[in-house]
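Chemist: Could you work out the structure for the sequence below:
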Amino acid sequence: MTARAWQVPQEVYRALAGVSAAAKKALDPTLTELVMVRASQLNHCAFCLDMHLDLAREHGETEGRLDLVAAWHEAGDRFSERERAALALTEGITVLTDGFVPDELYALAGKHFDETELAHLIAAIIAINSWNRLMVARRTAPGETEWHS
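Modeler: So this is what the prediction gives:
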């Protein structure tokens, strides 16, 4: 079997889609898409990156800011403190090779998100990481529509 030969089972697709939808409910759609873009960049998921860049544009995100998501640390005031906190938490949860997510990231996010928003943000980051891993494991190409059964 090759990586592209397997299909994502319908029940897995539906369950993950449900988690994704629920996670996004308490969050600003533009901020959510910035998080989805950053996680997809880190995970090298071309399928998800392509999709979430399009969705970010649909929600009114500018090309200039999208161009800088990968370098948000150095982008100055192009991203708000709230957005930077969300992007930092995204990186902390996505890149676990250095150990646990630092408490400082939770504390920073807690300054900009109430408890409900923070729980939804964490769930959204976990969901996009799951999607990224599914699509990368299957080597799903941008725009491909036949990847689940």
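Chemist: need the longest helix for this structure.
Modeler: What stands out as the longest helix in the chain, according to DSSP state H, is helix 115-138.
Chemist: now for that one, which elements pack on it?
Modeler: Applying 3 or more CB pairs under 8 Å, 6 or more residues apart in numbering; DSSP states H and E, one finds that helix 115-138 makes contact with helix 10-24, helix 29-42, helix 46-58, helix 81-94, helix 103-112. In this view, the C-beta of every residue, glycine as well, is placed from N, C-alpha and C.
Chemist: any chance of the ones you listed in CSV, plus mean neighbour count, mean pLDDT and distance to Leu121?
Modeler: As requested, the helices and strands packed on helix 115-138 are exported to CSV (neighbours: other CB atoms under 10 Å; pLDDT from 0 to 100; distance: least, CB to CB, whole Å):
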stretch, mean neighbour count, mean pLDDT, distance to Leu121
helix 10-24, 14, 96, 8
helix 29-42, 23, 98, 7
helix 46-58, 18, 97, 15
helix 81-94, 21, 98, 6
helix 103-112, 14, 96, 7
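Chemist: And those helices: which comes nearest His73?
Modeler: helix 81-94 (8.1 Å; CB to CB).
Chemist: List the neighbours of the closest one that are in contact with it.
Modeler: Residues outside helix 81-94 that contact it (CB atoms under 8 Å, 6 or more residues apart in numbering): 31, 34-35, 38-39, 42-43, 69, 72, 79, 101-102, 105-106, 108-109, 111-113, 121-122, 125-126, 129.
Chemist: Pull it out as PDB, backbone CA atoms only.
Modeler: Extracted in PDB, the C-alpha atoms of helix 81-94 (Å, rounded to 0.1, in the frame of the first residue of the first chain):
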ATOM      1  CA  GLU A  81      -1.100  41.100  20.900                       C
ATOM      2  CA  ARG A  82      -4.100  38.800  20.900                       C
ATOM      3  CA  GLU A  83      -3.100  37.300  17.500                       C
ATOM      4  CA  ARG A  84       0.500  37.000  18.600                       C
ATOM      5  CA  ALA A  85      -0.600  35.100  21.800                       C
ATOM      6  CA  ALA A  86      -2.700  32.800  19.700                       C
ATOM      7  CA  LEU A  87       0.200  32.200  17.200                       C
ATOM      8  CA  ALA A  88       2.600  31.500  20.000                       C
ATOM      9  CA  LEU A  89       0.300  29.000  21.600                       C
ATOM     10  CA  THR A  90      -0.200  27.400  18.200                       C
ATOM     11  CA  GLU A  91       3.500  26.900  17.800                       C
ATOM     12  CA  GLY A  92       3.800  25.600  21.400                       C
ATOM     13  CA  ILE A  93       1.100  23.000  20.900                       C
ATOM     14  CA  THR A  94       2.100  22.100  17.400                       C
END
